[in-house]
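> just a sequence and a predicted model for now, questions to come.
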Amino acid sequence: MGLELVQIQPSIPRLPRPDWLRVRLPSGDNYYELKGLMRGLGLHTVCESARCPNIGECWGHRTATFMILGDQCTRRCGFCAVPKGLPHGEVDWEEPGRVAQAAQAMGLKYVVVTSVDRDDLKDGGSTLFALTIKALRRAISQVKVEVLIPDFRGSHEALEIVLEARPDVLNHNIETVPRLYPAARRGSHYERSLRLLAHSRELQPDIPTKSGLMVGLGETFEEICEVLKDLRSAGVDMVTIGQYLRPSREQLPVARFYTPAEFATLKQEGEQLGIRHVESGPLVRSSYHAHEQTASLG
């Protein structure tokens, strides 16, 4: 079984997007209030740093994904718009408290926390993840916290630090198929990411695991299915599948655009493999409607 894909010439930049990929520019009182709150507390969001197409919708509904540990990533993934380089200064140990303050001010009951890669730190930033989870629980009654973590360079100790803080969901994105890792995920390893997800289930089987991948970088339908099989074998409960959109000319070009019907096919493929929840659509991202994905697990 295969997908009929819309072929896009990767050498032509900024081609018009299909109708199903067009979104409104962010605006509205909630959007500007939230932007002011983040700047006032010196916080970063992946919504802004990664130029997420859903920022207008999510911020309009007063939801956001907090990005801790600064806004400089030590890796140079070919798809990502987050600034690259050696982070400036020491770890900001007051950041967890400010994240909790912002989440409380927003009235959040479900919070997603992610970070840049911090390969310069011995613990990969895992201690700050744990402190942020704890700060959120102190500040907000019955809050649920999802963490979208880096691979910590395969460190089981770093993963254990995060899991000991008891997040409600442990998310780590596989991002793409193994063949495209050298171009798309420089410094990362496909098998290492799978091992991290599997090890999380071994250590804390009651904490749901989640992963996500982009399509449109040049992968085949068969390669996507193999990734879904691997995620299922690693015990992953939830998978998100979304269209890769080139943030700027500095990132990899789009090789293909998938249609909504094709995303529906991918959802069906994942569910038939036994993955408990598959969120698949052109604008789906890791934390898009995250609280609804978790609720679907029952």
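Ah, there it is. Residues are numbered from 1 along each chain as shown.

> count of neighbours near the closest residue to D119 other than its chain neighbours?
Among residues not flanking D119 along the chain, T74 sits closest, at 4.3 Å (Cβ to Cβ, 6 or more residues apart in numbering). The C-beta positions use only the backbone N, C-alpha and C, and glycine is treated the same way. T74 has 17 neighbours, counted by other Cβ atoms under 10 Å.

> which residues touch T74?
Contact partners of T74, counting by Cβ atoms under 8 Å, 6 or more residues apart in numbering, are K84, G85, L86, P87, V116, D117, R118, D119, D120, G187.

> and those, which are buried?
Buried subset of these (neighbour count, 16 or more other Cβ atoms under 10 Å): P87, V116, D117, R118, D119.

> the residue lying closest to the second one once chain neighbours are set aside and R195: what is the separation?
So that's V116. Nearest residue to V116 in three dimensions, chain neighbours excluded: C73, at 3.9 Å (Cβ to Cβ, 6+ apart). Using Cβ to Cβ, to the nearest Å, one gets 22 Å for the distance from C73 to R195.

> who's more crowded, those two?
More neighbours surround C73 than the other of C73 and R195, with 24 against 16 (other Cβ under 10 Å).

> okay, and the beta partners of the more buried one?
Per DSSP bridges, the residues bridged to C73 are K84.

> which residues are in contact with it?
C80, V82, P83, K84, G85, V116, D117.

> how much space separates it from G85?
Distance, C73 to G85, using Cβ to Cβ: 8 Å.

> just to revisit the earlier point, for the contacts of T74, give me CSV that also has pLDDT and distance to Y244.
Listed next are the contacts of T74 as CSV, based on pLDDT from 0 to 100; distance: Cβ to Cβ, whole Å:
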residue, pLDDT, distance to Y244
K84, 82, 18
G85, 81, 23
L86, 80, 27
P87, 78, 26
V116, 89, 19
D117, 91, 19
R118, 92, 24
D119, 93, 24
D120, 92, 27
G187, 87, 19
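
> so where do the helices sit in this structure?
Using DSSP state H, the helices of the chain run over residues 29-40, 46-49, 55-60, 95-106, 126-139, 156-164, 181-184, 190-203, 221-233, 260-272, 290-295.

> relative to S280, which of these is closest?
Closest to S280 of the helices of the chain is helix 260-272 (Cβ to Cβ; 3.8 Å).

> next, the angle helix 221-233 makes with that closest one.
Orientation check (axes from the mean of the first three to the mean of the last three Cα atoms, to 10 degrees): helix 260-272 against helix 221-233 gives 40 degrees.

> using PDB, write down the CA coordinates of helix 260-272.
As requested, the backbone C-alpha atoms of helix 260-272 are provided in PDB (Å, rounded to 0.1, in the frame of the first residue of the first chain):
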ATOM      1  CA  PRO A 260      -5.000  15.500   4.600                       C
ATOM      2  CA  ALA A 261      -6.200  12.200   3.200                       C
ATOM      3  CA  GLU A 262      -2.700  10.900   3.300                       C
ATOM      4  CA  PHE A 263      -2.300  11.900   6.900                       C
ATOM      5  CA  ALA A 264      -5.500  10.000   7.600                       C
ATOM      6  CA  THR A 265      -3.900   6.900   6.000                       C
ATOM      7  CA  LEU A 266      -0.800   7.300   8.200                       C
ATOM      8  CA  LYS A 267      -3.000   7.500  11.300                       C
ATOM      9  CA  GLN A 268      -4.700   4.300  10.300                       C
ATOM     10  CA  GLU A 269      -1.400   2.600   9.800                       C
ATOM     11  CA  GLY A 270      -0.100   3.600  13.200                       C
ATOM     12  CA  GLU A 271      -3.300   2.500  15.000                       C
ATOM     13  CA  GLN A 272      -3.300  -0.800  13.100                       C
END
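
> buried residues of it, list them for me.
For helix 260-272, by 16+ other Cβ under 10 Å, it's E262, F263, T265, L266, K267, E269, G270.

> for the closest residue to the second one other than its chain neighbours, give me its contacts.
Counting by Cβ to Cβ, 6+ apart, S280 is the residue found nearest to F263 once chain neighbours are left out, at 4.5 Å. Each residue near S280 by Cβ under 8 Å, 6+ apart is listed here: T240, I241, G242, F263, A264, L266, K267, G270.

> confidence score at S280?
Note on S280: pLDDT of 95.

> now it: how far from L148?
18 Å.

> got it, and G125?
For G125 relative to L148 (Cβ to Cβ), the value is 12 Å.

> who touches both of the two?
Common neighbours of G125 and L148 (Cβ under 8 Å, 6+ apart) are S115.

> I am finished for the moment; much appreciated.
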